[in-house]
Structures are given as C-alpha cells and as structure tokens.
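>>> Test case, fold it:
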Amino acid sequence: MKITSGFAGRKQALIALFTRTFTVSEGQKEGALIGDLVRDLLADTPTRDIRVFCAEVEGDPIGAAIFTRLTYPEDPHIVFLLSPLAVAPESQGQGIGQALLKKALEMLRCEGIQIAITYGDPSFYGRVGFRPVTEKQARAPLPLSFPGGWIGQSLTEVQMPNLQGPSTCVSALNRSELW
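Just a heads-up that it's a prediction; the model follows:
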C-alpha cells in the first residue's frame with residue numbers, strides 16, 4: 001500500500017470509492033449524499049483550502065481522507081476539518097484507515113497546519129489522537145446533531161487551544177444535513 005496526496009486525475013475514482021463505501025455501510029441515500037459531497041468538494045474547493053490523501057494499491061484508491069480549511073476569523077490558528085474518510089469495504093479492518101490518517105496528519109503538521117478537527121466516531125478517531133472538543137473550545141460551523149462526535153487534536157506540541165469566535169467551513173460542507 002502506498003499513501004499519496006492530491007487528487008489530480010482521480011476525481012471519478014474518489015467519488016466512486018466514497019459512494020460505494022457509504023452505500024454499503026449506511027445505505028443508498030447516505031452513499032449518494034457523501035458521493036455528492038465529495039464531487040462538490042473536489043470541484044468547488046479552492047486548492048489552498050483542500051488536502052486529499054489516498055491509500056492506493058497498484059494506483060487504485062482503496063482509502064481516502066479529505067481535509068478542508070475550517071476558518072475561525074477571530075483566531076490566528078490554522079485549522080483543517082477531516083470530512084469525509086472512507087476505506088473500501090473489502091479493505092476495512094486491516095488498519096488502512098489508521099495508517100492513512102497517521103500519514104495525513106503528519107503531512108499536515110509538516111505543512112504548518114496547527115489543528116485537525118473532525119465529526120465522527122470518537123472511538124475510531126481516538127486511535128489516531130482525536131479527543132472530544134466542546135463547542136466552547138471550537139465552535140462548529142453549523143449545529144451538531146451528535147455533539148459527542150465533535151473531536152479534534154493539536155498538530156503542534158502545544159495543547160489543543162480554545163479557538164476564538166464562530167467558524168466557517170468550505171461551501172460544499174455548509175449543508176445542515178451533513179452536521
């Protein structure tokens with residue numbers, strides 16, 4: 001397995017990976033929702049605001065993590081939001097998601113990104129350093145339907161700070177049904 005960054009020439013393969021993965025795990029409606037989200041993220045997000053990491057076997061993506069800028073206009077920290085992450089159904093349970101996230105977080109850290117936040121299963125993401133974050137520490141851009149899934153981590157040697165003010169996400173994620 002090889003972990004790479006970028007998505008040039010892979011848009012359709014990534015959309016298919018996310019659609020299939022979420023259809024298998026969550027049903028056709030969720031698969032379509034996440035597939036559309038990935039299509040919009042890859043098509044409409046400015047390059048400076050998106051990072052895509054892929055786990056590949058023989059050039060085919062078997063896992064992918066998409067990070068986009070989460071802006072806190074009143075705060076100087078550089079924050080990126082992980083959403084979504086997928087590992088192909090037949091490749092799950094082999095540590096691919098964790099390996100992909102560890103490498104992605106390392107690459108973000110080397111780039112100077114200071115904080116990573118996601119909205120997901122704390123037990124899974126906790127394996128790679130994510131911890132619960134309160135709305136006081138870091139306000140979500142939209143109301144959370146499952147506040148316990150709001151988790152984050154500092155990518156520096158400094159503890160996770162309280163981020164000042166409201167936040168805004170990239171346009172593709174600015175949809176209440178995703179939160």
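
>>> and the nearest residue to P73 once chain neighbours are set aside, which of the three is it?
Of all residues not flanking P73 in the chain, G165 sits nearest, at 6.2 Å (Cβ to Cβ, 6 or more residues apart in numbering). From N, CA and C alone the C-beta is placed, and that goes for glycine too. State at G165, reduced to three classes by DSSP: H, G, I helix; E, B strand; the rest coil: coil.

>>> how near is the closest residue in space to W179 that isn't next to it in sequence to R127?
Once flanking residues are discounted, W179 sits nearest to L142: 4.3 Å by Cβ to Cβ, 6+ apart. In this view, L142 and R127 are 26 Å apart by Cβ to Cβ, to the nearest Å.

>>> ok, the residue nearest to W179 touching N174?
Yes: taking contacts as Cβ atoms under 8 Å, L142 lies within contact range of N174: 7.2 Å.

>>> What pLDDT does the model give R10?
Listed pLDDT for R10 reads 94.

>>> Now it: closest residue in space, sequence neighbours ignored.
Once flanking residues are discounted, R10 sits nearest to P61: 6.3 Å by Cβ to Cβ, 6+ apart.

>>> Quick one: the helices in the chain, in order.
In the chain, the helices defined using DSSP state H lie at 11-26, 28-44, 96-111, 122-125.

>>> can you put those helices in TSV and add distance to T68 and mean neighbour count?
Listed next are the helices of the chain as TSV, based on distance: least, Cβ to Cβ, whole Å; neighbours: other Cβ atoms under 10 Å:
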stretch	distance to T68	mean neighbour count
helix 11-26	14	18
helix 28-44	7	17
helix 96-111	12	18
helix 122-125	16	15
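
>>> want to throw these into JSON lines with distance to L70?
Below are the helices of the chain laid out as JSON lines (distance: least, Cβ to Cβ, whole Å):
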{"stretch": "helix 11-26", "distance to L70": "20"}
{"stretch": "helix 28-44", "distance to L70": "13"}
{"stretch": "helix 96-111", "distance to L70": "12"}
{"stretch": "helix 122-125", "distance to L70": "15"}
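
>>> What residue in the protein is the furthest from its centre?
Distance from the C-alpha centroid of the chain, by Cα atoms, centre = their mean, peaks at E58 (23.7 Å).

>>> what sits against it?
Contacts for E58 (Cβ atoms under 8 Å, 6 or more residues apart in numbering) come out as none.

>>> what's the distance between A65 and K136?
Between A65 and K136 the computed distance is 27 Å (Cβ to Cβ).
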